[in-house]
Each structure stands twice: as structure tokens, then as C-alpha cells.
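In: Output the structure for:
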Amino acid sequence: MEIKIESRNFNLGRRLDALVTRKIEQLLRRLPAVDEARVEIIHEPNRGNQECYLAKASVNIKGTVIRAERRGPSALSATHSAADTLDKLAARFKGQVYRSQRTRDHLSLGQVQADEAFELDRELARDLLPEDEAALSV
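Out: Down below sits the predicted model:
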């Protein structure tokens, strides 16, 4: 698993790099099958006095890419927002994957109950038939 952190139009300090890495590693605990994680932080100059940062985060999970993009007044706040959004998307993705896997692997509760009722009816029918007819029907 590889974490790539890039910055544009400003210098990414060690503290911010460590915080971004820690946030991504927290996300990776939820999704252990991640192949690659990318974070790009961009300083967007604007005409006003306030500064604007854009954080783009993406995670590649066996060919499926989950992306989040958030803006903020500081690089740290933009990164936190993007990581939170990515965490929510990862939870949703994980629920969808596990739900679809469970339906492929297991029968639904209704199907199980129908099979049990069918077997019970079959046993009752065998008990009610005389022995000669039961031997012929099986």
C-alpha cells in the first residue's frame, strides 16, 4: 500500500505531512484492501485577503476509486474535511460490498424458511402415506 502526498503553490511542512499521513492511515484501518492513496493539497491564490486551500483525496481499492475534494481557509482544515468525507464514502462503499457479498454467499431468510417448510411438508406426507405407497413415491 502506497500513500502519496503532493502540494502545489506552497511548501508542505513536516507537521502537515505527518497529520495527513495519520488521517489516511486511520482510513486504511477501515479499508484494508487499499492499493493506493493519494492526497493533493493546492493553495489557490485569490484577489481577496483570505487564503483558500483545496484538498483532493482519492483511494484505489482493487480498481474502484473513491474520491473526496474539499476547500478550506487552511491546508489543515481542508485536509480534515476531505478525510472526513472520504471516511464516510469508505463506510458506504464497505457496506455495499459486504451487503452484496452476503447476498451472493447466503440465501435470504425467506428462501431458508421456504426450504424448511417444504422439507417439513415432505416428511409429513411420508408419515401419512401407507408404507407401500411411500416406497413407490420415493
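In: C-alpha only now, for contacts and for neighbours.
Out: Fine.
In: tell me, how many neighbours does residue 2 end up with?
Out: As a burial measure, residue 2 scores 9 neighbours (other CA atoms under 10 Å).
In: my guess is it contacts residue 39, does it?
Out: No. Residue 2 is beyond contact range of residue 39, at 11.2 Å (criterion: CA atoms under 8 Å).
In: Low-confidence stretches in this protein?
Out: 49, 97-113, 129-138 (pLDDT under 70).
In: got the buried residues for the lengthiest helix in the chain?
Out: Looking across the chain with DSSP state H, the single longest helix is helix 75-105. Within helix 75-105, the residues that count as buried by 16 or more other CA atoms under 10 Å are 75-87, 90, 93.
In: Tell me the helices and strands packed up against that helix.
Out: helix 14-30, strand 36-44, strand 52-61, strand 64-72 (3 or more CA pairs under 8 Å, 6 or more residues apart in numbering; DSSP states H and E).
In: Now do it: distance to the chain's middle.
Out: The chain centre lies 4 Å from the centre of helix 75-105; the measure is CA atoms, centre = their mean, to the nearest Å.
In: just checking, next helix/strand downstream of that helix?
Out: Per DSSP states H and E, the first helix or strand lying C-terminal to helix 75-105 is helix 109-128.
In: Now do the buried residues in that following helix.
Out: residue 126.
In: Likewise for stretch 22-37?
Out: 23, 24, 27, 28, 31, 34, 36, 37.
In: got it, and stretch 54-71?
Out: 54-61, 66-71.
In: Settle this for me: residue 33 is touching residue 61, isn't it.
Out: Yes. The criterion here is CA under 8 Å, and residue 33 meets it with residue 61 at 6.0 Å.
In: Can you give me every residue that contacts residue 91?
Out: By CA atoms under 8 Å, 6 or more residues apart in numbering, the contact list for residue 91 reads residue 30.
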